[in-house]
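Trainee: mind looking at a prediction? Sequence and model below.
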Amino acid sequence: MYVCICNAVTDRDIREAVQQGALSLKALREQLQVATCCGRCAGCARRCLHQALADPQQQALA
Ligand code: FES
């Protein structure tokens with residue numbers, strides 16, 4: 001699903017960024033430009049980030 005409409009960022013993009021080492025919303029902003037336009041997606045992006053960080057499969061890959 002799309003998390004950030006402005007920059008066409010999906011929840012999958014966020015999971016992949018976490019796999020590549022993103023640990024914060026700031027890191028997601030720098031990598032994916034999520035929440036850098038209108039900012040309305042910041043809360044959803046943060047939730048996706050936390051879900052990805054809490055996912056045991058993600059942690060195994062880290
Ligand atoms: S929806 Fe993400 S910056 Fe606008």
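Mentor: Received it, and whenever you're ready, just let me know what you need. Note that the coordinates shown come from a computational prediction; the quantities given were computed from them, not determined experimentally.

Trainee: what is the mean pLDDT for the longest helix anywhere in the chain?
Mentor: Longest helix in the chain, counting residues (DSSP state H): helix 42-54. Helix 42-54 shows a mean pLDDT of 96.

Trainee: what of stretch 16-25?
Mentor: Across stretch 16-25, pLDDT averages out at 96.

Trainee: from the ligand, how far out is the one residue sitting closest to the centre of the chain?
Mentor: Centroid check for the chain by C-alpha atoms, centre = their mean gives Ile14 as the closest residue, at 3.2 Å. According to C-beta to the nearest ligand atom, to the nearest Å, Ile14 stands 12 Å off from the ligand. Heads up, the C-betas are built off the backbone N, CA and C, glycines and all.

Trainee: ok so that residue is a helix residue?
Mentor: Yes: counting by DSSP: H, G, I helix; E, B strand; the rest coil, Ile14 falls inside a helix.

Trainee: apart from its neighbours in sequence, what residue is nearest it?
Mentor: Of all residues not flanking Ile14 in the chain, Cys48 sits nearest, at 4.5 Å (C-beta to C-beta, 6 or more residues apart in numbering).

Trainee: tell me the contacts of the nearest residue to Tyr2 once chain neighbours are set aside?
Mentor: Closest residue to Tyr2 apart from its sequence neighbours, by C-beta to C-beta, 6+ apart: Thr10 at 5.6 Å. Contacts here follow C-beta atoms under 8 Å, 6 or more residues apart in numbering; on that basis Thr10 touches 1-3.

Trainee: and if we set it to 10 Å?
Mentor: The neighbours of Thr10, taking C-beta atoms under 10 Å, 6 or more residues apart in numbering as the test, are 1-4, 16, 32, 34, 48.
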